[in-house]
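K.L.:
need the 3D shape of this:
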Amino acid sequence: MAILQNRRRDPKPRVEAVGGMLGVGLLAGAANVVMQLSRPGVGYGVVESRVESGRIDRHPIKRARTTFTYLAVAAQGTPEQKAAYRRAVNRAHGQVYSTDESPVSYNAFDTDLQMWVGACMYKGVVDVYKLFVGEPDEAATEQLFEEGIALGTMLQVPREKWPADQAAFERYWEESMEKVHLDDTVRNFLWPIAAGRMRGVKLPAAIQCRLDDFNLLITGGFLPQRFRDEMQLKWDDDKQRRFERVIRRIRAVNNRLPRVLQEFPFNWMLKDLDWRIRTGRPLV
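P.N.:
So this is what the prediction gives:
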């Protein structure tokens with residue numbers, strides 16, 4: 001997860017540290033998917049999705065491009081890019097709604113569910129910032145919050161529905177925990193995503209086991225405990241220490257990279273979006 005800087009169009013001073021956490025934000029992607037799908041309406045909306053090209057279980061790379069382009073556009077996109085991407089997302093969401101056979105009722109245009117998805121993305125951004133930069137000061141908190149609003153309003157969440165400030169967001173988040181639940185169907189759908197498995201890729205059992213262990217460590221590390229419990233992921237002090245060691249090493253490497261690499265692939269995604277618009281290719 002990541003928040004992009006917009007030096008050209010925003011006259012307010014920007015927090016430089018934010019731009020340096022873009023690429024590492026990808027590490028939290030699987031955890032954020034778990035968080036989003038932990039609301040039953042979102043979970044079954046994805047599990048039962050009729051949008052074949054957007055199914056994360058069958059097209060993980062394409063889905064990741066769509067999601068992270070959404071983040072880039074919401075935070076740094078021009079009004080034209082935002083309008084084009086919103087239309088594309090709406091067309092896809094138009095096919096996502098429950099049927100009489102669905103165990104829960106849902107609709108992709110439900111603003112309560114959209115608010116939850118936007119809140120999860122914003123929560124992920126703040127958590128990544130804390131791990132790779134540190135506790136945000138007042139300026140960083142304001143910047144993160146203002147840019148986080150775009151994550152919801154791009155999903156058509158009315159501005160007045162988004163919490164008024166960070167304290168109000170924290171209250172919303174705590175109250176929302178009462179609605180979090182993963183049943184076996186959604187949990188089983190999420191497990192290979194949490195473990196970073198690629199559909200159709202067969203690896204020797206020993207290698208797969210080590211990859212599962214590492215990927216579940218990263219996913220679990222980015223998850224609040226409530227979501228670990230819902231995923232039935234075992235977590236203890238030893239795993240927390242292992243996760244923190246990995247993050248320290250990644251942070252050390254990331255801090256030495258040129259800014260253009262720290263911001264990759266988000267800086268590339270907006271250029272790719274412009275190319276797709278020009279050539280008439282699908283955006284999502």
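
K.L.:
pLDDT below threshold where in the stretch 1-150 of the chain?
P.N.:
Residues of the stretch 1-150 of the chain meeting the criterion pLDDT under 70: 1-23, 51-63, 75.

K.L.:
show me where the stretch 151-284 of the chain has its helices.
P.N.:
Using DSSP state H, counting those that start in this stretch, the helices assigned to the stretch 151-284 of the chain run over residues 166-176, 184-194, 205-222, 225-231, 237-255, 259-262, 266-279.

K.L.:
which other helices and strands contact the fourth one?
P.N.:
Judged by 3 or more CB pairs under 8 Å, 6 or more residues apart in numbering; DSSP states H and E, helix 225-231 is in contact with helix 29-37, helix 184-194. Heads up, the C-betas are built off the backbone N, CA and C, glycines and all.

K.L.:
now do 10 Å
P.N.:
Packing partners of helix 225-231 (3 or more CB pairs under 10 Å, 6 or more residues apart in numbering; DSSP states H and E): helix 29-37, helix 184-194, helix 205-222.

K.L.:
can you point out the buried residues in the last one?
P.N.:
Which is helix 205-222. Buried residues in helix 205-222, counted by 16 or more other CB atoms under 10 Å: Asp212, Asn215, Leu216, Leu217, Ile218, Thr219, Gly220, Gly221, Phe222.

K.L.:
by contact count, what packs against that helix?
P.N.:
Other helices and strands packing on helix 205-222, by 3+ CB pairs under 10 Å, 6+ apart, are helix 29-37, helix 111-132, helix 184-194, helix 225-231, helix 237-255.

K.L.:
only alpha carbons, please: show the third one as PDB.
P.N.:
When you say that, I think you mean helix 184-194. Extracted C-alpha coordinates of helix 184-194, given in PDB (Å, rounded to 0.1, in the frame of the first residue of the first chain):
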ATOM      1  CA  ASP A 184     -14.600 -21.200   6.000                       C
ATOM      2  CA  THR A 185     -15.500 -20.300   2.400                       C
ATOM      3  CA  VAL A 186     -13.900 -16.900   2.400                       C
ATOM      4  CA  ARG A 187     -11.000 -18.000   4.600                       C
ATOM      5  CA  ASN A 188     -10.100 -20.800   2.200                       C
ATOM      6  CA  PHE A 189     -10.300 -18.400  -0.700                       C
ATOM      7  CA  LEU A 190      -7.900 -16.100   1.000                       C
ATOM      8  CA  TRP A 191      -5.400 -18.600   2.300                       C
ATOM      9  CA  PRO A 192      -3.400 -19.000  -1.000                       C
ATOM     10  CA  ILE A 193      -3.400 -15.200  -1.400                       C
ATOM     11  CA  ALA A 194      -2.000 -14.800   2.100                       C
END
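
K.L.:
which parts of that helix are buried?
P.N.:
So helix 184-194, judged by 16+ other CB under 10 Å, has buried residues Val186, Arg187, Phe189, Leu190, Trp191, Pro192, Ile193, Ala194.

K.L.:
list the contacts of the fourth one.
P.N.:
Think Leu190. Applying CB atoms under 10 Å, 6 or more residues apart in numbering to Leu190 gives the contacts 30, 33-34, 37-38, 43, 46-47, 56-57, 182, 219, 230-231.

K.L.:
picking that back up, any chance of the helices of the stretch 151-284 of the chain in CSV with mean pLDDT as columns?
P.N.:
What follows is these, written out as CSV (pLDDT from 0 to 100):
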stretch, mean pLDDT
helix 166-176, 96
helix 184-194, 94
helix 205-222, 93
helix 225-231, 97
helix 237-255, 94
helix 259-262, 77
helix 266-279, 84
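
K.L.:
and those as a markdown table, adding distance to Glu146?
P.N.:
Putting these into a markdown table (distance: least, CB to CB, whole Å) gives the following:
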| stretch | distance to Glu146 |
| --- | --- |
| helix 166-176 | 11 |
| helix 184-194 | 30 |
| helix 205-222 | 23 |
| helix 225-231 | 26 |
| helix 237-255 | 24 |
| helix 259-262 | 21 |
| helix 266-279 | 18 |
